[in-house]
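Participant: here is my input; please provide its structure:
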Amino acid sequence: MEYLWNDGGRAACGFVGLTGDCVARSIAIATNIRYRDVYDQLSEASNKSPRNGVRVDIASQFLSEHRWTEHQAQLHPFLAQFIPKGTVIVYLVKKTGRGGHFCTVVDHVIHDTWNPADDNDYAIACYWTPDPQSVTSSPSNPVAQPDSVSDLTQDEFEKILRRLRALDKTANNSGSTEAEKHNALRMMQSLMLRNNLTRNDITDEDNCDQVLFTRIACPVNGRKACEWEKRLAFYVTDHIIPSTQWFISTRSHRTLFWFYGPLGDVRNAVSLFRELLLTIATSAQLQFGGHTRGSGASYAEGYVQGLPRADSQTAAAQTLDSSDAKEHALIQNRTLSLQSLARDWLRIECDISLTASHGSSRNQHDPNAANRGRLHGSQHVVTVPNAPLRIGKK
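Facilitator: Residues are numbered from 1 along each chain as shown. Just a heads-up that it's a prediction; the model follows:
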């Protein structure tokens, strides 16, 4: 059987890294359901991330709910004569009985990120075929797209663009094999010709689906973080780099401030947090002999409160003309989208669920030290290390 590289839209949905997601991938390819939606539904059904596999019974139930029929096989070799024409999801097992793999076969062409037919130890355990009346759109493959863009809905058009961007990323990835690059370019060419698209149509530098997320820890001494350190993390993520978010955890005798979000922004947030942390702690140490309690902590809290904030520009923002207001709204909407995607990424990819906690405030407070800190903080010029030029910034 022929083979075509197809990740089912995983890369287009912002997923990165090596994974054992064959169930989610094959279902996304065969059903034409968005990869992230399949991934989330399988995660909910199995109560764990599908990145390392899904039980066969859960996959079978998902397909049954979408009107796919299961057919048992008798461990036939993975050959075309044992698979019907059309779109088929095949469950393969090793002849030794260990290890399984899901893949999609469309008209006897394998759609996967690798070719299981190269492994002679695989045999067909069972396969699924769709109910003809339930098929409303063709699978995610380059040979079954409509001939005209005018026949497409907006959602279908967006799916094609996401698919093209994923293929383009594969074709230009130094980690891809020559066969993967060749297949990706061939599929791109076919899709663009069928839908009258050019490379300019798939270029979208502001597309949230293409953002790579990460999390980076910044350790500080002590198992209990100072209140001013928490306020500083909030300041960095809420006022300076709002596309990032933070949480804390403890390890041994240290507190870890975790920043998560888009890769470049997280790196900048961590660099800025470290820079401000060192500046404030050093200043408090020189003037009050410390920064964790007493006047030194009050000074540090005041310093954070005095740092310049975007709130000071509210009055100016109210005078924006219509074009600037639209641009401002666009930035706000994208920030909210990035934050939502980052939380989903943290929950699904990192298996981390955040809970809110509230600590008690300090009993000792030095208002004079806090006022001095606010004065010094207001004079601090905050610059983001390695910050890229963004929309709306001159």
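
Participant: only C-alpha atoms from now on, for both contacts and neighbour counts.
Facilitator: Fine.

Participant: just for the stretch 101-250 of the chain, where's the confidence low?
Facilitator: Counting by pLDDT under 70, the stretch 101-250 of the chain contains low-confidence ranges at 133-155, 157, 193-210.

Participant: domains in this protein, by residue range?
Facilitator: 2-149, 212-378 (automatic domain parsing).

Participant: okay if I get the ones you listed as CSV plus distance to Val384 and mean neighbour count?
Facilitator: Formatted as CSV, these follow (distance: least, Cα to Cα, whole Å; neighbours: other Cα atoms under 10 Å):
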stretch, distance to Val384, mean neighbour count
domain 2-149, 25, 18
domain 212-378, 6, 17
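
Participant: which one of the ones you listed lies nearest to Met188?
Facilitator: Minimum separation from Met188 across those (Cα to Cα) falls at domain 2-149, 7.8 Å.

Participant: correct me, but Glu180 touches Trp5?
Facilitator: Yes: assessed by Cα atoms under 8 Å, Glu180 is found in contact with Trp5 at 6.0 Å.

Participant: can you give me the strands in the stretch 151-300 of the chain?
Facilitator: For the stretch 151-300 of the chain, applying DSSP state E, counting those that start in this stretch gives strands covering 213-221, 245-251, 254-262.

Participant: ok so, going back, can you say which of the domains of the chain is nearest to Leu164?
Facilitator: domain 2-149 (8.6 Å).

Participant: so how far is the closest one off the chain centroid?
Facilitator: 22 Å (Cα atoms, centre = their mean, to the nearest Å).

Participant: and stretch 286-302, by the same measure?
Facilitator: On the basis of Cα atoms, centre = their mean, stretch 286-302 sits 39 Å off its chain's mean C-alpha point.

Participant: and the strand or helix carrying His101, which strands flank it?
Facilitator: Under the criterion of DSSP states H and E, His101 resides in strand 100-106. Strand pairing for strand 100-106, using DSSP bridges, gives strand 87-94 (antiparallel), strand 109-112 (antiparallel).

Participant: who's in contact with the shortest one?
Facilitator: This means strand 109-112. 1-7, 25-26, 29, 103-105, 141 (Cα atoms under 8 Å, 6 or more residues apart in numbering).

Participant: repeat that with 7 Å
Facilitator: Contacts of strand 109-112 with the rest of the structure, by Cα atoms under 7 Å, 6 or more residues apart in numbering, involve Met1, Glu2, Tyr3, Leu4, Trp5, Asn6, Asp7, Cys103, Thr104, Val105.

Participant: could you measure from the first one over to Ser190?
Facilitator: Here the distance between Met1 and Ser190 works out to 20 Å (Cα to Cα, to the nearest Å).

Participant: settle it for me: which of those two has more neighbours?
Facilitator: Ser190 (17 against 14; other Cα atoms under 10 Å).

Participant: report the contact partners of Arg162.
Facilitator: Neighbouring residues of Arg162 by Cα under 7 Å, 6+ apart: Ala12.

Participant: now Asp40: which helix or strand?
Facilitator: helix 35-46.

Participant: that helix: what's the following helix or strand?
Facilitator: Note on helix 35-46: by DSSP H and E, the next helix or strand toward the C-terminus is helix 56-65.

Participant: so where do the helices sit in the stretch 251-394 of the chain?
Facilitator: Under the criterion DSSP state H, counting those that start in this stretch, the stretch 251-394 of the chain carries helices at the ranges 263-288, 294-306, 314-317, 322-348, 367-378.

Participant: including mean pLDDT and distance to Val236, could these go into a markdown table?
Facilitator: A markdown table is the format used below for the helices of the stretch 251-394 of the chain (pLDDT from 0 to 100; distance: least, Cα to Cα, whole Å):
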| stretch | mean pLDDT | distance to Val236 |
| --- | --- | --- |
| helix 263-288 | 92 | 7 |
| helix 294-306 | 93 | 10 |
| helix 314-317 | 46 | 18 |
| helix 322-348 | 73 | 14 |
| helix 367-378 | 93 | 14 |
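
Participant: redo these as CSV? Include distance to Ala356.
Facilitator: What follows is the helices of the stretch 251-394 of the chain, written out as CSV (distance: least, Cα to Cα, whole Å):
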stretch, distance to Ala356
helix 263-288, 21
helix 294-306, 21
helix 314-317, 29
helix 322-348, 14
helix 367-378, 27
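
Participant: nearest to Gly14, out of the ones you listed?
Facilitator: helix 322-348 (8.9 Å).

Participant: where's Asp7 relative to Ser252, distance?
Facilitator: 40 Å.

Participant: for stretch 91-110, measure first residue to last.
Facilitator: Start and end residues of stretch 91-110 are separated by 13 Å (Cα to Cα).

Participant: and the gap between Gln189 and Ala179?
Facilitator: 15 Å.

Participant: thinking again about what came up before, and the helix holding Asp40, what does it pack onto?
Facilitator: In terms of contacts (3 or more Cα pairs under 7 Å, 6 or more residues apart in numbering; DSSP states H and E), helix 35-46 is packed against helix 22-31.

Participant: helices or strands up against the helix it packs on?
Facilitator: helix 35-46, strand 87-94, strand 100-106.

Participant: can you list these in a markdown table and add distance to Thr69?
Facilitator: Output for the helices and strands packed on helix 22-31, formatted as a markdown table (distance: least, Cα to Cα, whole Å):
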| stretch | distance to Thr69 |
| --- | --- |
| helix 35-46 | 18 |
| strand 87-94 | 10 |
| strand 100-106 | 14 |
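
Participant: the ones you listed: which one's closest to Cys226?
Facilitator: Proximity to Cys226 (Cα to Cα) singles out helix 35-46 among those, at 36.6 Å.
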